[in-house]
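Asks: I would like the atomic coordinates for the input below:
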Amino acid sequence: MTTEITGDARDSGVEARVYPGGALAALTLTAPALDLGAARLAATIVDVVAEATARANRRTRHALRDALTGLDERDLTALGLDKDETLTERVESTTPQTWRTA
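Replies: Presented below is the predicted three-dimensional model:
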């Protein structure tokens with residue numbers, strides 16, 4: 001059985017789905033997103049993709065928890081699994097309790 005790990009996020013009519021490390025799987029812009037103006041739309045896309053990446057990376061860390069034991073942040077960054085503390089906090093607030101580790 002193969003499980004695809006992705007992360008999703010949405011804001012102001014922008015929806016993104018990414019793979020761990022941030023590779024874009026899907027980007028949806030609705031009419032309200034197109035009304036944001038170029039600069040705000042661009043900033044929203046960047047923010048939504050960053051949040052989705054944080055979710056995908058967190059899910060990957062969880063799925064590979066045992067295999068990643070002993071790796072430092074430099075190793076995780078090389079794997080594309082680095083974390084932004086602010087985004088991690090936002091993602092953690094929606095992480096199911098059963099996924100949490102000590």
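Asks: Confirm Arg17 sits in a helix?
Replies: No - assessed with DSSP: H, G, I helix; E, B strand; the rest coil, Arg17 is strand; it does not lie in a helix.
Asks: And it, how close does it get to Ala50?
Replies: Going from Arg17 to Ala50 by Cβ to Cβ, to the nearest Å gives 13 Å. For the C-beta atoms, the positions are set from N, CA and C on the backbone; glycine is no exception.
Asks: same deal with Thr44?
Replies: In terms of Cβ to Cβ, Thr44 sits 11 Å off from Ala50.
Asks: same check, this time on Thr60
Replies: 16 Å.
Asks: which residues of this structure fall in strands?
Replies: 7-11, 14-18, 24-29 (DSSP state E).
Asks: What is the last one packed up against?
Replies: The one in question is strand 24-29. strand 14-18, helix 38-63 (3 or more Cβ pairs under 8 Å, 6 or more residues apart in numbering; DSSP states H and E).
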